[in-house]
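Visitor: Curious how this folds, go ahead:
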Amino acid sequence: MRVLGKIDLAGRIVAALFFIQWSIFQVMLRNWDRVEVATKFFLGNDFEYLYKAAGLFVDGKNPYLEPGFIPLPSALYIPLLLHHLSFWNALIAFRTFCFFLVVAAMLWLCRELHMNVLNSSLLMLITLTYVPFYTVLTGGNLDALMLAFLVFACARKDVVRAAFLGLSIGTKFYSLLLIPVLALQRRWREVTLALAMLAILLLPFLRYMPEAFNSVLHRTSVLRLGSNESPAVLFILLFGQDRTWAWASSYALLWGGTLILRVIGDSKNVANNNQRWRALDYVPWMAAAPALVFTYTGTILLPVLACVIRKNQDRELSWAEWLMVSGFVLTGIYPVVSAQALSFAFSVFGIPGSRLDTALVAIAPLGISAVLLGSSMAALRGSSGASEKVLTAVPTGS
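Guide: Numbers count the residues shown, from 1 in each chain. I've put the predicted structure just below:
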């Protein structure tokens, strides 16, 4: 398979781009007041909904009486632990906890992947300058917890892997995708243990489960274009929102088709695969579904990039893997920074300025689509994501 680039190049490129963008953004921030910052970047405070829902539960009421509370009720455990604090103190505590948890998870991943000092440092720099990560912290979203649990779901012991997978599913429903993946691989012990952990987490909330599933399904029916990284946005822009059959079927073909290719590629390369890292191979599909995925969910792509950087530590990357890297970069672009560059480019090439907003909306969905295509192609060609032979030297445990 033809390869592009050099050893240890991917981490350097992404880290340099993100650091430059972050520096430009810091300069731009000096010219804005707090209202302007909130208008441009604030996507709502999810922790406020979690905090209110926890209060309802403490009072013996249905937490889904809070309209903004969408996830499974097991997402309330940490808000319940913090509910004795005032809201703002609880929010600060939650943000701090999520920040250090993500940093700890990424450092643990660096160690477990046997990444060298250079790539470990570059990955942490990327993490700390990645736009979705800061959006997650600002909004008090659950995706930081889901990221950490997915990373720890790659532990050496299968019991620990299953426990953290159950925690991840209980935090955000996206991780449920891994259950059929594990079933196809006949990893029944992990499937059983993960579902058992999920059942234990949900046990105190059984009477609220009908409302929980209605809430999750309602989220999948909501649609917006701005701050949405779902590939569905690309097809809505192409066909128009009114032609639901056209954009929905095209989106389903991209999401489902690449997922099937990924599964087929993994089945062909099973001899080279380290099953311990399987969860990370399917994270891109969690970040691309359903038709509404806020851009902060891109945070969970950080461990996917970590595995690509780890492979680049030992060998050059293939074109499919560079496609994944390029897609990741697109998911980490500050719209306000890219708006300046695109506005200049549009004027140079004579493109109408009215198309600028459309281009900005399409950046993150285009990035996610590139990651999906790159991951599926890499699997088919034998360089299968996180589980490639290059990582099998890492001990797996049992």
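Visitor: wait, what's in contact with the nearest residue to Met286 once chain neighbours are set aside?
Guide: Nearest non-adjacent residue to Met286, counting by CB to CB, 6 or more residues apart in numbering: Tyr174, 4.0 Å away. No exception for glycine: its C-beta is placed from N, CA and C like everyone else's. Neighbouring residues of Tyr174 by CB atoms under 8 Å, 6 or more residues apart in numbering: 146, 286-287, 289, 297.
Visitor: Tell me the most packed of those residues, by neighbour count.
Guide: Per-residue neighbour counts (other CB atoms under 10 Å) across those peak at Thr297, which has 29 neighbours.
Visitor: and that residue, that's in a strand?
Guide: No: according to DSSP: H, G, I helix; E, B strand; the rest coil, the state of Thr297 is helix, so it is not within a strand.
Visitor: where's it relative to Ala199, distance?
Guide: 25 Å (CB to CB, to the nearest Å).
Visitor: Closest to the centroid, which residue in the protein?
Guide: Ile300 (2.7 Å; CA atoms, centre = their mean).
Visitor: all helices for the stretch 51-200 of the chain, in order.
Guide: Assigned by DSSP state H, counting those that start in this stretch, the helices in the stretch 51-200 of the chain fall at 77-82, 87-112, 117-129, 131-139, 143-152, 158-171, 178-184, 188-202.
Visitor: Show me what the longest one packs onto, helices and strands only.
Guide: Packing contacts for helix 87-112, counted by 3 or more CB pairs under 8 Å, 6 or more residues apart in numbering; DSSP states H and E, involve helix 46-58, helix 77-82, helix 117-129, helix 131-139, helix 143-152, helix 302-314.
Visitor: same thing with the first one?
Guide: Counting by 3+ CB pairs under 8 Å, 6+ apart, the packing neighbours recorded for helix 77-82 are helix 46-58, helix 87-112.
Visitor: Just say which of those is most tucked in.
Guide: Across these, the average number of neighbours (mean count of other CB atoms under 10 Å) peaks for helix 46-58, which reaches a mean of 21.
Visitor: model confidence over it, on average?
Guide: pLDDT averaged over helix 46-58 equals 92, rounded to a whole number.
Visitor: so it versus helix 131-139, what angle?
Guide: Calculated by axes from the mean of the first three to the mean of the last three CA atoms, to 10 degrees, helix 46-58 forms an angle of 40 degrees with helix 131-139.
Visitor: Show residues contacting helix 46-58.
Guide: With CB under 8 Å, 6+ apart as the criterion, helix 46-58 contacts 62-66, 68-70, 73, 75-76, 79-80, 82-83, 87, 90-91, 94-95, 139-142, 205.
Visitor: how about a cut-off of 6 Å?
Guide: When contacts are defined by CB atoms under 6 Å, 6 or more residues apart in numbering, helix 46-58 is touched by residues 63, 65-66, 68-69, 76, 79-80, 83, 87, 90-91, 94, 139-141.
Visitor: report the angle between the axes of that helix and helix 87-112?
Guide: Using the same axes, to 10 degrees, helix 46-58 lies at 110 degrees relative to helix 87-112.
Visitor: if we can go back for a sec, where's the dip in pLDDT among the contacts of Tyr174?
Guide: Comparing those by pLDDT, Ala289 comes last, at 84.
Visitor: Assign a three-state SS to that residue, would you?
Guide: At Ala289 the chain is in coil, as set by three-state DSSP.
Visitor: quick one: it from Trp255, how far?
Guide: In this structure, Ala289 and Trp255 are separated by 6 Å, where distance is defined by CB to CB.
Visitor: Likewise for Thr331?
Guide: When CB to CB is the yardstick, Thr331 and Trp255 sit 16 Å from each other.
Visitor: More neighbours: which of those two?
Guide: Thr331 (25 against 22).
Visitor: thought that one was touching Ser369?
Guide: No: in this structure, Thr331 sits apart from Ser369 without contact. The criterion is CB atoms under 6 Å, and the distance is 10.3 Å.
Visitor: got the phi/psi numbers for the spatially closest residue to Ser215 that is not a sequence neighbour?
Guide: Closest residue in space to Ser215, ignoring its immediate chain neighbours: Ile70 at 5.0 Å, by CB to CB, 6+ apart. With angles defined as degrees, to the nearest 10, Ile70 sits at phi -110, psi -40.
Visitor: so what's Ile70 scoring on pLDDT?
Guide: Ile70 is assigned a predicted lDDT (pLDDT) of 80.
Visitor: try Ala16
Guide: pLDDT, Ala16: 95.
Visitor: How far does stretch 331-342 sit from its chain's centre?
Guide: Computed by CA atoms, centre = their mean, to the nearest Å, the separation of stretch 331-342 from the middle of its chain amounts to 19 Å.
Visitor: who's in contact with it?
Guide: Contacting residues not belonging to stretch 331-342 are listed as 21, 24-25, 40, 130-131, 298, 356, 359-360, 363-364, 367 [CB under 6 Å, 6+ apart].
Visitor: next one: stretch 241-260
Guide: In this structure, residues lying in contact with stretch 241-260 by CB under 6 Å, 6+ apart are 231-232, 235-236, 239, 285, 288, 372, 376.
Visitor: Going by distance to Val159, which of those residues wins?
Guide: Ranked by distance to Val159 (CB to CB), those are led by Trp285 at 25.2 Å.
Visitor: how about the closest one, secondary structure?
Guide: Assigned by three-state DSSP, the conformation of Trp285 is helix.
Visitor: show me the contacts for it.
Guide: Contacts were defined as CB under 6 Å, 6+ apart; by that measure Trp285 touches Leu259.
Visitor: any idea how far it is from Leu261?
Guide: Separation of Trp285 from Leu261 (CB to CB): 11 Å.
Visitor: next helix or strand past the least confident helix or strand in the chain by mean pLDDT?
Guide: Across the helices and strands of the chain, the lowest-confidence element by mean pLDDT, DSSP states H and E is strand 3-4, at a mean of 50. Heading C-terminal from strand 3-4, the first helix or strand you meet, by DSSP states H and E, is helix 9-29.
Visitor: hang on, the earlier thing: could you point out which of the helices and strands packed on helix 87-112 sits nearest Phe346?
Guide: Between Phe346 and the helices and strands packed on helix 87-112, the tightest spacing by CB to CB is seen for helix 131-139, at 21.9 Å.
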